[in-house]
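Participant: Sequence and predicted structure, then a few things I'm wondering about:
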Amino acid sequence: MSQSLIVEKKVCTRLPTQFGSFELCLYQSNLNDKEHLALIKGKLSGKENVLVRIHSECFTGDILGSQRCDCGEQLQNAMRLIEENGEGIVLYLRQEGRGIGLLEKLKAYNLQDNGLDTVDANIALGHHADDRDYGIAAAILNLLKINSIQLITNNPEKIRQLEKYGIKVKNRISAEATISKENAEYLFTKAYRMNHLLNLDGLELVLRSNGNGHKYY
């Protein structure tokens, strides 16, 4: 980010959910008008090894229950895990479609239906495979005075960026979700082309049961 990032907390409120009660805080930055959210469980200021999920917005998965991805299930699993742990944070970042926005994401879906994988579809539309930046997440964690975190993720790039921004990531916790015939190719591409840490045996089993040949075999 070329411009110096300034993040401000705008409001917090109590939010009871099916997974438990959280505090929901809204943050904005000086870079754009996007509204990022922190779903907070417990008193976390000054703590080490705080359980954190950094979740990029996925309208189709989080709201509509799309089976093309694993996003909605990952979000729910993270909220459930934090509730069971008694404390933690879900940061909900407005970075739809790995940063390309909803319009371009839906265009990418059509390209995927015509044979491109999720990486090549983004590139064909003039984007990077992943356009997300986690500076805003690091800034919010700093505002919350979190000393170190345990990150719920399968994405090593997320860890690399957070550490670049000065966040101490002490441990990675897998964000596994159900592998289905609808999302197996998508997950396989994330594993083999984006280095996500996923259950490859489970992926290949589902792909083969679907009769899918794959260029990465």
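Facilitator: Okay, I see it.
Participant: Skip the chain neighbours and tell me the closest residue to Gln76.
Facilitator: Closest residue to Gln76 apart from its sequence neighbours, by Cβ to Cβ, 6 or more residues apart in numbering: Phe19 at 7.2 Å. Every C-beta, even on glycine, is put in place using the N, C-alpha and C of the backbone.
Participant: what's near enough to touch the closest residue to Glu163 other than its chain neighbours?
Facilitator: Nearest residue to Glu163 in three dimensions, chain neighbours excluded: Val169, at 5.9 Å (Cβ to Cβ, 6+ apart). Contacts for Val169 (Cβ atoms under 8 Å, 6 or more residues apart in numbering) come out as Ser148, Ile149, Gln150, Leu151, Ile159, Leu162, Glu163.
Participant: and the longest helix seen in the chain, which residues are buried?
Facilitator: Ranked by number of residues, the top helix in the chain under DSSP state H is helix 71-85. Neighbour counts over helix 71-85 (16 or more other Cβ atoms under 10 Å) mark Cys71, Gly72, Glu73, Gln74, Leu75, Asn77, Ala78, Met79, Leu81, Ile82, Glu83 as buried.
Participant: what pLDDT does the residue nearest to Glu83 when sequence neighbours are not counted get?
Facilitator: Nearest residue to Glu83 in three dimensions, chain neighbours excluded: Gly20, at 3.7 Å (Cβ to Cβ, 6+ apart). Gly20 carries a pLDDT value of 95.
Participant: need the contact list for Gly20.
Facilitator: Lys41, Met79, Glu83.
Participant: With pLDDT and distance to Ala108 as added columns, please give the buried residues of helix 71-85 in a markdown table.
Facilitator: Output for the buried residues of helix 71-85, formatted as a markdown table (pLDDT from 0 to 100; distance: Cβ to Cβ, whole Å):
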| residue | pLDDT | distance to Ala108 |
| --- | --- | --- |
| Cys71 | 95 | 14 |
| Gly72 | 96 | 18 |
| Glu73 | 96 | 20 |
| Gln74 | 96 | 19 |
| Leu75 | 97 | 20 |
| Asn77 | 97 | 25 |
| Ala78 | 97 | 24 |
| Met79 | 97 | 27 |
| Leu81 | 97 | 29 |
| Ile82 | 98 | 30 |
| Glu83 | 97 | 33 |
